[in-house]
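[1] Sequence plus the predicted model coming up.
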Amino acid sequence: MRDFFGYIIGLVLFIILIPWIMWKASGDFGFGTGHVIVLIVLAAAGIVLSLWSIVHMKNVGKGNPMDAFNHEVAPRTSQLMTDGPYKICRNPMLLGVFLYYLGVVIFLHSWQAVVIFAAYIAIMMVQVSREEKRLEEDFGEAYREYKKNTRKLIPFIW
């Protein structure tokens with residue numbers, strides 16, 4: 001039941017609430033067909049990458065991603081995730097969400113959506129830093145080696 005609750009929180013918060021806040025903050029906006037296509041492509045790619053990461057973590061890691069600022073919402077993974085989507089970058093789930101939000105920002109074409117996206121990125125980078133410290137404690141040298149060989153968020157760049 002706790003797993004299900006965590007997935008519902010994730011769906012509501014990340015897929016519905018934050019884009020809705022971007023939309024409401026944007027007020028009146030104009031968009032063209034190109035904006036819609038970019039939204040569809042980036043949203044689909046982002047959601048697929050995030051879902052792949054969640055399913056992989058559940059099936060292989062025997063745990064869940066729901067750990068918010070060191071408060072465990074659902075059971076954590078029992079092993080270090082380094083394959084599947086976690087070979088792409090250390091935070092493929094977050095990369096997927098960022099792709100989705102980038103599509104929303106382009107669709108809304110507003111500075112307000114950009115500000116909300118930037119604030120979200122800043123908050124999540126704090127979360128990632130905290131999570132990486134916990135992963136080093138949990139998995140030690142194996143995590144440090146993974147960190148050395150795998151980009152944090154954007155493959156080949158960062």
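    Nice, I can see it.
[2] What about the residue nearest to Asp83 when sequence neighbours are not counted? Give its phi and psi, please.
    Using Cβ to Cβ, 6 or more residues apart in numbering and skipping residues adjacent in sequence, the residue nearest Asp83 is Val60, 7.3 Å away. Just so you know, the C-beta spots here come from the backbone N, C-alpha and C atoms, and that holds for glycine as well. Dihedral pair for Val60: phi -90, psi -50, per degrees, to the nearest 10.
[3] Now do the helices for the protein: every range, in order, please.
    For the chain, applying DSSP state H gives helices covering 2-10, 18-26, 33-60, 92-108, 111-149.
[4] Quick one: residues contacting Leu42.
    Contact analysis of Leu42 by Cβ atoms under 8 Å, 6 or more residues apart in numbering lists 99-100, 102-103, 106.
[5] hmm, try it at 10 Å
    Applying Cβ atoms under 10 Å, 6 or more residues apart in numbering to Leu42 gives the contacts 96, 98-107.
[6] any idea how far it lies from Val97?
    Noted for Leu42: a distance of 11 Å to Val97, by Cβ to Cβ, to the nearest Å.
[7] ok so, going back, show the pLDDT at the residue nearest to Asp83.
    pLDDT recorded at Val60 is 85.
[8] isn't it right up against Trp52?
    No. Under the criterion of Cβ atoms under 10 Å, Val60 is not in contact with Trp52, lying 11.4 Å apart.
[9] Which neighbours do the two have in common?
    Shared contacts of Val60 and Trp52, defined by Cβ under 10 Å, 6+ apart, are found at Gly84.
[10] Could you report the distance from the residue nearest the centre of the chain to Lys148?
    Residue closest to the mean C-alpha point of the chain, counted by Cα atoms, centre = their mean, is Leu94 at 1.8 Å. To Lys148, Leu94 is 20 Å away according to Cβ to Cβ.
[11] Next up, the contacts around Gly46.
    Counting by Cβ under 10 Å, 6+ apart, Gly46 touches 14-15, 93-104.
[12] Turn those into a markdown table, including distance to Ile123.
    Converted to a markdown table, the contacts of Gly46 look like this (distance: Cβ to Cβ, whole Å):
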| residue | distance to Ile123 |
| --- | --- |
| Phe14 | 12 |
| Ile15 | 17 |
| Met93 | 15 |
| Leu94 | 11 |
| Leu95 | 16 |
| Gly96 | 17 |
| Val97 | 12 |
| Phe98 | 12 |
| Leu99 | 17 |
| Tyr100 | 16 |
| Tyr101 | 12 |
| Leu102 | 16 |
| Gly103 | 19 |
| Val104 | 17 |
